[in-house]
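Give the three-dimensional model of this entry:
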Amino acid sequence: MSTPPTTETHLNVNACSNTKAQGLRTLGSAPTLAVCSATAVAWRNATAPSEQCEFACWLRSPQICLCHADNEWLPVSSLGTDSIRIEWPCVCDADCSHNGVCGADGACRCDAAWGGTRCDTLQLEPVDRAALGYRAQDARGRNVSSWGAPILWDASSRLWHGWASEMVENCGINAWETNSQIVHIVASSPLGPYTRREVVHPVFAHEPAVERGPNGEWLMAFSSFALDDRSSPTRAACICATCANGTTPPAGLPGCPFQRGAPSSLGHRFRQMLATARAPDGPWTAAGEVVGLSAPWDWNTAMAVAEDGSALALIRGGMTWHAANATDNTSWHAVGAPVGKPEGPQWDFGVEDPTVWRNRRNRSIYHSLVHAFAPFFGAHAWAYAPPDRDWAAHGPPLSWHVTGVAYTNVVNFTDGSRHAFARRERPHLIWGQDGQTPIALSNGVQSAGTPNAPSEDGTFTLVQPLRTVQRAAAAAGEKRGDGVDPVGLSG
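All right, here's what the predicted structure looks like:
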């Protein structure tokens with residue numbers, strides 16, 4: 001006899017709002033939430049009996065029961081809908097989001113950084129306000145807005161190195177399309193505080209992704225305006241120059257006419273650029289432009305580089321790209337792109353700002369964190385790509401399995417306080433010195449105000465620690481007998 005599932009009820013929550021999802025089913029009328037729950041637990045697909053409800057939603061009016069046969073748990077607040085999450089026993093590691101292993105008892109054994117029944121939720125630790133990540137001020141003590149950073153350990157310098165998008169002229173994130181530059185930041189601890197070392201790519205350059213290559217090289221992907229814009233009168237006219245304290249004034253005012261989409265009216269083309277360096281301090285050498293990703297918008301390219309130098313990338317919308325050689329700009333192409341859509345197929349809900357990495361137990365599994373538009377938080381997904389997979393542009397698309405909410409906008413601090421950030425986007429996992437253990441999460445955050453509102457768009461780069469085996473042991477009052485810190489928690 002199979003083990004019955006447990007159920008978890010979420011009142012005034014709609015987890016079935018994504019009508020594009022492949023697993024959405026209508027189970028018919030249900031007079032109560034309890035009836036909907038029982039119906040969903042009992043349901044099986046007549047043509048595919050292994051397909052069952054992973055969660056269900058009860059619409060109070062007109063008393064309809066819906067079912068999701070996938071794990072895409074992305075709940076939003078709703079006064080007219082209640083949701084039930086069904087926790088079936090796991091049967092394989094995929095049921096544990098590949099962030100843990102499935103035990104013989106049907107329970108997931110999650111890696112330290114992950115939690116929840118399905119190992120789909122990051123186990124975030126409180127933030128020390130004395131560190132925070134990268135929160136810069138200028139010489140007059142005014143906020144300098146930044147927008148997230150990939151952060152990597154360098155054994156040669158014994159430092160943590162990051163590359164942040166930083167807004168010039170004291171502007172906020174609303175002016176990113178004209179005022180963003182990429183700066184190199186360093187710290188002795190992965191949690192910060194980080195200090196700025198130098199400008200790597202001047203205005204306009206935005207949203208870098210940095211990875212190590214198979215020979216120890218550093219590879220950066222980033223967005224930039226066309227090179228002939230760098231010294232043109234058009235570029236000078238674009239830059240917002242009337243900002244204050246790290247925030248941007250309303251659009252259209254003198255000195256700041258172009259923001260939040262307006263620069264596209266000037267015909268700017270975002271170039272997706274690649275650059276390489278032998279050391280984190282540079283110098284950075286241009287590896288060329290990924291022509292297929294040059295458009296009137298940036299693609300948020302993030303990549304995972306394999307041992308043979310090939311790479312898989314995710315871009316805005318969840319579209320997959322691949323390169324036989326990550327440093328060869330001509331080898332990048334979409335995966336599974338239908339004719340007429342050269343960027344490739346998107347996910348079934350709006351996402352941006354992906355980060356991507358390979359599973360340490362199974363190198364054929366890729367993971368991603370993304371910023372989800374609705375609901376407004378971070379989501380996790382995984383995909384299986386066997387070594388012999390056909391990466392042809394018009395071959396089969398890579399199937400990404402969205403597991404649910406990995407983190408929200410609420411952050412706890414070590415002083416016992418907590419804060420709900422107005423925006424928390426642009427995620428990057430920070431890996432320990434062993435290169436295998438996730439130890440922290442960095443994001444671009446807006447502390448308060450309304451997203452995209454003028455004069456409220458001051459931002460900084462937040463770093464929040466993750467639970468690790470060492471931190472879990474310390475919390476339990478245990479000590480490592482050998483005194484070794486393999487992941488570099490102490491800097």
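
separation between Glu198 and Ala221?
Applying C-beta to C-beta, to the nearest Å, the value for Glu198 to Ala221 is 19 Å. To be clear about C-beta, it is placed using only N, CA and C from the backbone, and glycine gets the same treatment.

Please identify which of the two sits among more neighbours.
Neighbour tally, Glu198 and Ala221, criterion other C-beta atoms under 10 Å: the higher count belongs to Ala221, 28 against 10.

Are we agreed that the more buried one is in a strand?
Yes - the assignment for Ala221 by DSSP: H, G, I helix; E, B strand; the rest coil puts it in a strand.

In this structure it contacts Ala304, no?
No - Ala221 is beyond contact range of Ala304, at 11.6 Å (criterion: C-beta atoms under 8 Å).

Show me whatever sits in contact with both of the two.
Ala313 (C-beta atoms under 8 Å, 6 or more residues apart in numbering).

Wait, a helix at Ala94?
Yes - assessed with three-state DSSP, Ala94 lies in a helix.

What about it, how many residues nearby?
For Ala94, the count of nearby residues is 16 (other C-beta under 10 Å).

you'd agree Ala472 is in a strand?
No - under three-state DSSP, Ala472 sits outside any strand and is assigned helix.

Quick check, it in contact with Asp111.
No - with contacts counted by C-beta under 8 Å, Ala472 stays clear of Asp111, the gap being 11.0 Å.

Give me the more crowded residue out of the two.
Counted by other C-beta under 10 Å, Ala472 and Asp111 do not tie: Asp111 has more neighbours, with 24 against 13.

Kindly provide the distance from the residue nearest to Pro465 when sequence neighbours are not counted to Trp114.
Distances taken as C-beta to C-beta, 6 or more residues apart in numbering put Glu125 closest to Pro465, at 4.2 Å, once the chain neighbours are dropped. Shown here: Glu125 relative to Trp114, a distance of 13 Å by C-beta to C-beta.

neighbour count winner among the two?
Taking neighbours as other C-beta under 10 Å, Glu125 and Trp114 compare with Trp114 leading, 24 against 21.

Give the burial count for the residue nearest to the more buried one when sequence neighbours are not counted, as a bare number.
Excluding its sequence neighbours, the residue lying closest to Trp114 (C-beta to C-beta, 6+ apart) is Asn99, at 3.9 Å. Neighbourhood size, Asn99 [other C-beta under 10 Å]: 28.

my read: Asn99 touches Thr121, true?
No - Asn99 is beyond contact range of Thr121, at 9.1 Å (criterion: C-beta under 8 Å).

Mutual contacts of the two, please.
Common contact partners of Asn99 and Thr121 (C-beta under 8 Å, 6+ apart): Trp114.

What's the first helix or strand after the helix or strand hosting Leu274?
Assessed by DSSP states H and E, Leu274 sits inside strand 270-277. Counting by DSSP H and E, the next helix or strand C-terminal to strand 270-277 is strand 285-289.

Now do that following strand: which elements does it pack against?
The criterion is 3 or more C-beta pairs under 8 Å, 6 or more residues apart in numbering; DSSP states H and E, and the helices and strands that strand 285-289 contacts are strand 270-277.

And for the strand it packs on, what's in contact with it?
By C-beta under 8 Å, 6+ apart, the list of residues contacting strand 270-277 from outside reads 201, 213, 217-227, 283-290, 293-299, 301, 326-327, 329.

ok so, going back, which residues does the residue nearest to Pro465 contact?
Going by C-beta under 8 Å, 6+ apart, Glu125 touches 464-467, 471.

Could you list which of these belong to helices?
Using DSSP state H, Arg471 are the members of the contacts of Glu125 that sit in helices.

Let me know the closest of the contacts of Glu125 to Gly336.
Nearest to Gly336, judged by C-beta to C-beta, of those is Leu466 at 31.9 Å.

thinking again about what came up before, only the buried subset of the contacts of strand 270-277, as a PyMOL command please.
Those of those that count as buried under 16 or more other C-beta atoms under 10 Å are selected in PyMOL with:
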select buried, resi 201+213+217+218+219+220+221+222+223+224+225+226+284+287+289+290+293+294+298+299+301+326+327+329
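
on that earlier part again, for the contacts of Glu125, which one is nearest Gly435?
The nearest member of the contacts of Glu125 to Gly435, counting by C-beta to C-beta, is Leu466 at 15.1 Å.

quick one: the residue lying closest to the closest one once chain neighbours are set aside from Arg471, how far?
Excluding the flanking residues, the one nearest Leu466 by C-beta to C-beta, 6+ apart is Ala113, at 4.4 Å. Ala113 is 10 Å from Arg471, where distance means C-beta to C-beta.

Neighbour count: these two, which is higher?
Neighbours per residue (other C-beta under 10 Å) separate Ala113 from Arg471, with Ala113 holding more: 25 against 18.

what are the phi and psi angles of the more buried one?
Note on Ala113: its backbone torsions stand at phi -80, psi -10 [degrees, to the nearest 10].

how about it, what does it touch?
Counting by C-beta under 8 Å, 6+ apart, Ala113 makes contact with 99, 122-123, 437-439, 466-468.

Most neighbours among those residues, please name it.
The most crowded member of the contacts of Ala113, judged by other C-beta under 10 Å, is Asn99 (28 neighbours).
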